[in-house]
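Participant: Pasted the sequence and its predicted model underneath.
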Amino acid sequence: MVGKTQTRLGVILKIVLLPFTLIYALMSLIRNALYDYGLFKSKRFKVPVISIGNLSVGGTGKTPHTEYIIRELASKYRIAVLSRGYKRKTKGFKLADETDDASTIGDEPYQIMKKFKDVTVAVDEKRRRGIEKLMQQDLPPELILLDDAFQHRAVKAGLNILLTDYTKPYTEDIPLPSGRLREPRRGAKRADLIVVSKSPEVLSPLEIRRITSIINPEAYQKVFFSYIEYQSLSALNEAARIISDKKKVLGKYQFLLVSAIANPKPLLLFLKRHATEVRSIRFPDHHFFTDKDYQKIHEKFADIFSNKKALVLTEKDATKIDLEKLQNIPVFVLPIQIAFHKQGEDEFISEINAHVRSYTRIS
């Protein structure tokens, strides 16, 4: 009964907000038209710039897809990743180094910096300025990846990769605030490659054709399908290491999932398939944990009446957690990687390689 009431309230709220949605969509269309007709300037650079973004507000897996491209191309090119650095405490251009943490460059850039030591990571709310600063470095990048910059039109990316969630493609959504789109659906026409993310690991050719027909890509657009590969749980503190040294955790333990990501549902479903019980505390995306949050975590963890219990974090949230405030609680991180369905994996990387090779390599 509660679920039905919440659904009705959600529908009513969307209807009430429709006038604001129309105003927002109109403003977005006007802004895009000003760029399309050259009244607002987009700058193209002599270095290959690839934008990985979406139409919706978070939750499509931009950072894991950025990491996928890094893994595939890092041995061939000097790569730089440029992000806004959402919710960081600093301003302007910042080149990440060993003195930084999630608070100074943002949780996702910090995650990338920690995982890929040979990749340059920088943040700047103005991407054009950020690229110009990167190109002024003593050893400038040969490839720049823009994490979450599909709407940042001041930069003319050479290749636009648009991500959309398998469970709710952008074609079935509307702009803010009634829906979750940052701009009207026609903005997808700027994409060169469209990736349907978070699809099932087993996906039939028939289902691929069905989803592709829903997206209805332009003749110049190619559609690919990716899915999440969950890796092994990794111990973050001594209490977790003691457990993992002695026992298999998955399948035998109860978990408390603490997440501050846009869409934790796929992760929650995965854990429920591999645990005796899973409870969850969800915070807003990019949330930084407070003392009150740690108190809530301790209380929720104490409510699990079992000796076989552990706390699980996403990689992004692990960059912000203070393990000293979770003493005696086994804390694990569950890494993920992106994989593409075999029907398009080789072609996806070939498209990116072809784009990068079309530019003059920087010596």
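Facilitator: Thanks, I have it.
Participant: which secondary element of the protein has the worst mean pLDDT?
Facilitator: helix 238-246 (a mean of 84; mean pLDDT, DSSP states H and E).
Participant: and that helix, what other elements does it pack with?
Facilitator: strand 234-235, strand 331-333 (3 or more C-beta pairs under 8 Å, 6 or more residues apart in numbering; DSSP states H and E). Where C-beta positions appear, they are placed from N, C-alpha and C, glycine not excepted.
Participant: and those as a markdown table, adding distance to residue 191?
Facilitator: Shown next, in a markdown table, are these (distance: least, C-beta to C-beta, whole Å):
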| stretch | distance to residue 191 |
| --- | --- |
| strand 234-235 | 34 |
| strand 331-333 | 32 |
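Participant: contacting residues around the very next helix or strand once past the least confident helix or strand of the chain?
Facilitator: Of the helices and strands lying after helix 238-246 in sequence (DSSP states H and E), the nearest is strand 254-259. If you take C-beta atoms under 8 Å, 6 or more residues apart in numbering as the criterion, strand 254-259 is touched by 264, 267-268, 271, 275-283, 297, 300-301, 304, 306, 308-314, 317.
Participant: Sheet partners, orientation included, of strand 254-259?
Facilitator: strand 277-282 (parallel), strand 309-313 (parallel) (DSSP bridges).
Participant: Of these, flag the one that's most buried.
Facilitator: Of all those, strand 309-313 has the most neighbours on average by mean count of other C-beta atoms under 10 Å, namely a mean of 23.
Participant: Go ahead and measure how far the helix or strand following that strand is from the middle of the chain.
Facilitator: Per DSSP H and E, the first helix or strand lying C-terminal to strand 309-313 is helix 315-318. Distance of helix 315-318 from its chain centroid, counting by C-alpha atoms, centre = their mean, to the nearest Å, is 12 Å.
Participant: Show me what helix 315-318 is packed against.
Facilitator: With contacts taken as 3+ C-beta pairs under 8 Å, 6+ apart, helix 315-318 sits against helix 107-115.
Participant: buried stuff in the helix it packs on?
Facilitator: Neighbour counts over helix 107-115 (16 or more other C-beta atoms under 10 Å) mark 107, 108, 109, 110, 111, 112, 113, 114 as buried.
Participant: okay, it in CSV with CA atoms only?
Facilitator: Extracted as CSV, the C-alpha positions of helix 107-115 are listed here (Å, rounded to 0.1, in the frame of the first residue of the first chain):
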residue,chain,number,x,y,z
ASP,A,107,36.1,11.3,-5.6
GLU,A,108,36.0,10.0,-9.2
PRO,A,109,39.2,11.7,-10.4
TYR,A,110,41.0,10.6,-7.2
GLN,A,111,39.8,7.0,-7.9
ILE,A,112,41.3,7.1,-11.4
MET,A,113,44.5,8.7,-10.1
LYS,A,114,45.0,5.9,-7.5
LYS,A,115,44.4,3.2,-10.1
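Participant: Please compute how far the following helix or strand past it lies from its chain's middle.
Facilitator: Once helix 107-115 ends, the next helix or strand along the chain (criterion: DSSP H and E) is strand 120-123. Distance of strand 120-123 from the chain centroid (C-alpha atoms, centre = their mean) equals 16 Å.
Participant: the domain parsing of this protein - what is it?
Facilitator: Listed by automatic domain parsing, the domain ranges of the chain are 49-227+339-357, 234-334.
Participant: tell me the most buried of the helices and strands packed on helix 238-246?
Facilitator: For those, the highest mean count by mean count of other C-beta under 10 Å goes to strand 331-333, at a mean of 22.
Participant: what helices or strands is that strand leaning on?
Facilitator: In terms of contacts (3+ C-beta pairs under 8 Å, 6+ apart), strand 331-333 is packed against strand 234-235, helix 238-246, strand 309-313.
Participant: okay, these in TSV with distance to residue 39 next?
Facilitator: Listed next are the helices and strands packed on strand 331-333 as TSV, based on distance: least, C-beta to C-beta, whole Å:
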stretch	distance to residue 39
strand 234-235	50
helix 238-246	56
strand 309-313	46
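Participant: Out of those, the one nearest residue 291 is which?
Facilitator: Residue 291 lies closest to strand 309-313 among the helices and strands packed on strand 331-333, at 16.8 Å (C-beta to C-beta).
Participant: what sits up against the helix or strand residue 104 falls within?
Facilitator: Taking DSSP H and E as the definition, residue 104 sits inside helix 102-105. By C-beta under 8 Å, 6+ apart, the residues outside helix 102-105 that reach it are 83, 85, 88-90, 94, 96, 110, 113, 121, 123, 288, 319-320.
Participant: hang on, the earlier thing: residue 147 is nearest to which of the helices and strands packed on strand 331-333?
Facilitator: With C-beta to C-beta as the measure, strand 309-313 is the member of the helices and strands packed on strand 331-333 nearest residue 147 (20.6 Å).
Participant: and that closest one, how far out from the chain's middle?
Facilitator: So, by C-alpha atoms, centre = their mean, the centroid of strand 309-313 is 22 Å from its chain's centroid.
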